[in-house]
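Colleague: Next comes the sequence, and after it the predicted model I'd like to discuss.
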Amino acid sequence: MDNSFLLDAMDWSYSRVNSFDQCPRMFYLTYLQCADRIDNAFAQWGTLVHSLLERYYREQVELWDLTGLYEKEYSKTVKERFPFPRLEDSYYERGIEYLNNFNGQIGDEEEIRRVVPVIEALKKRFDVPVSIDTYKSAVAKAALSAGADLLNDIWGFRYDERCAKLAAEYDVCVCLMHNRETMEYNDFMDDVKKDLEISLSLAEKYGVKKEKIMLDPGVGFAKTREQNLTIINRLEEIRAMGYPVLLGTSRKSVIGLTLDLPVDEREEGTIATSVIGAMKGCEFFRVHDVQKNVRALRMTDAIRREN
């Protein structure tokens, strides 16, 4: 069938012109032979990404759940609409990469305005360590000046090296989390450890004391569900790098995807990961339901001490 008439009726865009320039044959198969189907796939893909961001801005989902929800909904509503596996894979990865890099970022001044009064109030009322979660040096400096005791950097000093310098100047503890801009790995666990080694090198470069450092495997960041499960199962390899390990899995999408549960029903899954983490050598745990996790970890510790 001659579909050349579609060229006149087609809504031309940069991506379509670029597609034709790179491979006329692929352009024909994609936009002419399968025009209706492929346009439907693109539209459905865009609708999915848009709906997830809308849910985030309406505070209906957490930032770290976006990728997991995308994986789940993509398989249900988008995957089968693409006529070519290679094209489908490309758009699947494009969505994952976009949502992993999306951070709903606000300006430094606004972030400082939000966190500094809270830090000052906490330090005034309670005698407890306070952690600031930021990867921006301007925010880190303001928070540390306000009394924060720990700098939790989800980019492990790789986004803004000045955070490492500030950590050394203020002589505070740091948590260096694994993260990366893409989900492309050659050897998953080996690449994760190499990324963390870069963060550790930056800490050493700027004079952060070794005894002030802990590592976070970054569950839920730049990883698929399967990779998140793998890194939880192999946490002992992160611990073998010679630093305390913090595990942050509480209510994350790896639990929701595995158990098919919404955010507010993931406590049992969280507790299971905490127990596994303790068995693998983790020493710090970030959780929402503190009491239940503490009880589970105390029981785990009691059992282990009997060996």
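Modeller: Ah, there it is. Because the structure is a prediction, the values reported are computed rather than measured. Residues are numbered from 1 along each chain as shown.
Colleague: give me phi/psi at the most centrally placed residue in the chain?
Modeller: Residue closest to the average C-alpha location in the chain (CA atoms, centre = their mean): F221, at 2.1 Å. The phi and psi values for F221, taken as degrees, to the nearest 10, are phi -120, psi 120.
Colleague: any idea what the residue nearest to it when sequence neighbours are not counted is structurally, helix, strand or coil?
Modeller: Among residues not flanking F221 along the chain, N179 sits closest, at 4.7 Å (CB to CB, 6 or more residues apart in numbering). No exception for glycine: its C-beta is placed from N, CA and C like everyone else's. N179 carries the three-state label coil when classified by DSSP: H, G, I helix; E, B strand; the rest coil.
Colleague: you'd agree N179 is up against G218?
Modeller: Yes. Counting by CB atoms under 8 Å, N179 touches G218, with 5.3 Å between them.
Colleague: any common contacting residues for those two?
Modeller: Shared contacts of N179 and G218, defined by CB atoms under 8 Å, 6 or more residues apart in numbering, are found at I154.
Colleague: The residue nearest to the centre of the chain and D191, how far apart?
Modeller: Distance, F221 to D191, using CB to CB, to the nearest Å: 14 Å.
Colleague: Next: H178.
Modeller: The gap separating H178 from D191 is 9 Å, by CB to CB.
Colleague: the more surrounded of those two?
Modeller: H178 (24 against 14; other CB atoms under 10 Å).
Colleague: Tell me how many other residues crowd the residue nearest to the more buried one when sequence neighbours are not counted.
Modeller: Nearest residue to H178, sequence neighbours excluded (CB to CB, 6+ apart): G218, at 3.6 Å. Residues within reach of G218, counting by other CB under 10 Å, total 23.
Colleague: so who does G218 touch?
Modeller: G218 is in contact with 154, 177-179, 192, 231, counting by CB under 8 Å, 6+ apart.
Colleague: Report the mean confidence score over stretch 175-190.
Modeller: Stretch 175-190 shows a mean pLDDT of 93.
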